[in-house]
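1. Sequence and predicted structure are below.
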Amino acid sequence: MKNKIDYAEFYERVGRKNGWNFSSMNVVSEKIGWNFYEEVVRHTRSSDLLLDIGTGGGEAILSIAEEALLLVGIDLAQGMIETAQHNLQATGGHSNVRFLHMDAEKLHFPDHFFNVVSSRHSGFSVSEVFRVLAEGGIFLTQQVSEHDKFNISEAFGRGQSLGIQPGTLMERYKHELQKAGFHDIQAREYNVVEHYATPEDLMFLLTHAPIIPDFGKVDTDFEQFQQFVIENHDEKGIRTNSARFMITARK
C-alpha cells in the first residue's frame, strides 16, 4: 500500500508541474513498432465516443480531438486534470473534449457508452472497461514492459520492474481480458535502443517518471547517475532501451 500512496503523491506533483508532457527532452529512439495514438485513431470513427484512461495533461487526446465526436480524458491525479484543463484552454478549447478527475477502478459512466477506450501507461479495471464499452467496441492499451530501461535499473539496483520476468504483465492482461469476455485479443511488443542527448535530458526523465523509485532520495543516487552516464555514453548520447507492449481487444 505504501508504494501506491507514494506513486499517487508522485503523479500529483508531476501533474501540477507539467502534466505528462516529455516533449522538452532531447531523446532519439530506433524505429519503434507503432505510435499508440495513431493506432487509436486508426480504430476510431468520427461518430465515436472515446474514453482515455490515465490521460495525464491531456496532450494526447487534444492532438486527436478532431477524430471523434466526443473525447473524455480521466485521471486519478487532480494535478493532472488541472494541467489538462489548462492545456484545453490554451488550445482555444475543443467543445467535444472533457477532462474529469476519476478513478479508473470505478468509472462514472453508463454501460455500453463508449466505442473506443484507450489507456497508455496507466492502470485500468478490465471489468469496468468492458462495462462501459459498447458491443463491438475496442480497447487499446500500451504499457511499459518489465525490461524497459534495464541498464538503468541494474545500475541503481532498484527499478519499478526489476526482477520481474518480461512478459508477466502482458500475459496477465491478456488472461484478464479473455476472462472478462473480450475477444480478438492481439498483443505486440517492441524493444529498441534509445539515446538521451545530454545528462540533463536523462535526469529530467528520472525525476518525472517512476523508473527508479524515490530517485534522488537515496544518498548515492547522484553519484551513481554520474557513473551511469560515463559508462553508457557513446557518440549518439546516453544509451538505454525503450520496451513497450500493446494489446487490442474487442467486446
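-> Received, thanks. Numbers count the residues shown, from 1 in each chain.

2. Which residue ranges of the stretch 151-251 of the chain form strands?
-> 183-196, 233-234, 237-250 (DSSP state E, counting those that start in this stretch).

3. What count of nearby residues applies to residue 149?
-> 26 (other CB atoms under 10 Å). In this view, the C-beta of every residue, glycine as well, is placed from N, C-alpha and C.

4. Could I get the contacting residues of it?
-> 159, 211, 240-242 (CB atoms under 8 Å, 6 or more residues apart in numbering).

5. and with 7 Å instead?
-> Neighbour list for residue 149: 159, 211, 240-241 [criterion: CB atoms under 7 Å, 6 or more residues apart in numbering].

6. In JSON lines: the residues you listed, plus distance to residue 35.
-> JSON lines is the format used below for the contacts of residue 149 (distance: CB to CB, whole Å):
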{"residue": "159", "distance to residue 35": "25"}
{"residue": "211", "distance to residue 35": "21"}
{"residue": "240", "distance to residue 35": "20"}
{"residue": "241", "distance to residue 35": "18"}
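
7. so which of those is the most crowded?
-> Neighbour max across these (other CB under 10 Å) = residue 240, 23 neighbours.

8. Does residue 248 touch residue 188 like I think?
-> No - look at residue 248 against residue 188 with CB atoms under 7 Å: they stay out of range, at 8.9 Å.

9. out of those two, which sits in the busier spot?
-> residue 248 (18 against 12).

10. for that one, which residues make a bridge with it?
-> residue 140, residue 186 (DSSP bridges).

11. Please list all residues in contact with it.
-> Contacts of residue 248 (CB under 7 Å, 6+ apart): 138, 140, 186.

12. go with 8 Å
-> 39, 43, 138-140, 184-186.

13. now stretch 64-75: mean pLDDT?
-> Mean pLDDT, stretch 64-75: 98.

14. thinking again about what came up before, out of the strands of the stretch 151-251 of the chain, nearest to residue 50?
-> strand 237-250 (14.2 Å; CB to CB).

15. Tell me where the model's unsure across the stretch 1-150 of the chain.
-> Low-confidence segments of the stretch 1-150 of the chain (pLDDT under 70): 1-24.

16. May I ask which helix or strand encompasses residue 38?
-> Element membership for residue 38, per DSSP states H and E: helix 36-42.

17. can you pull out the helices in the protein?
-> Assigned by DSSP state H, the helices in the chain fall at 2-18, 36-42, 59-63, 78-90, 126-132, 150-156, 168-180, 199-208, 221-231.

18. Tally up the residues packed near the closest residue in space to residue 30 that isn't next to it in sequence, please.
-> Spatially, and ignoring its direct neighbours in sequence, residue 30 is nearest to residue 192 (4.0 Å; CB to CB, 6 or more residues apart in numbering). Neighbour count for residue 192, taken as other CB under 10 Å: 13.

19. got the contact list for residue 192?
-> Residue 192 touches 29-33, 241-243, counting by CB under 8 Å, 6+ apart.

20. hey, what's it bridged with?
-> residue 242.

21. any idea of the pLDDT on it?
-> pLDDT, residue 192: 97.

22. if I look at it, how far off is residue 149?
-> For residue 192, the distance to residue 149 (CB to CB, to the nearest Å) stands at 12 Å.

23. how close does residue 230 sit to residue 169?
-> For residue 230, the distance to residue 169 - CB to CB - is 32 Å.

24. on that earlier part again, looking at the contacts of residue 192, which has the most residues close by?
-> Busiest of these [other CB under 10 Å] is residue 243, holding 19 neighbours.

25. burial count for residue 81?
-> Residue 81, neighbours per other CB under 10 Å, totals 23.

26. Grab the CA positions of stretch 137-148 and hand them over as PDB.
-> Extracted C-alpha coordinates of stretch 137-148, given in PDB (Å, rounded to 0.1, in the frame of the first residue of the first chain):
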ATOM      1  CA  GLY A 137     -16.200  -1.500 -29.200                       C
ATOM      2  CA  ILE A 138     -12.400  -1.800 -29.000                       C
ATOM      3  CA  PHE A 139     -10.000  -1.300 -26.100                       C
ATOM      4  CA  LEU A 140      -6.400  -0.400 -26.700                       C
ATOM      5  CA  THR A 141      -3.600  -0.200 -24.100                       C
ATOM      6  CA  GLN A 142       0.100   0.400 -24.300                       C
ATOM      7  CA  GLN A 143       2.200  -0.400 -21.200                       C
ATOM      8  CA  VAL A 144       5.800  -0.300 -20.200                       C
ATOM      9  CA  SER A 145       7.400  -3.700 -20.400                       C
ATOM     10  CA  GLU A 146       9.400  -5.100 -17.400                       C
ATOM     11  CA  HIS A 147      12.700  -4.800 -19.200                       C
ATOM     12  CA  ASP A 148      12.400  -1.100 -20.100                       C
END
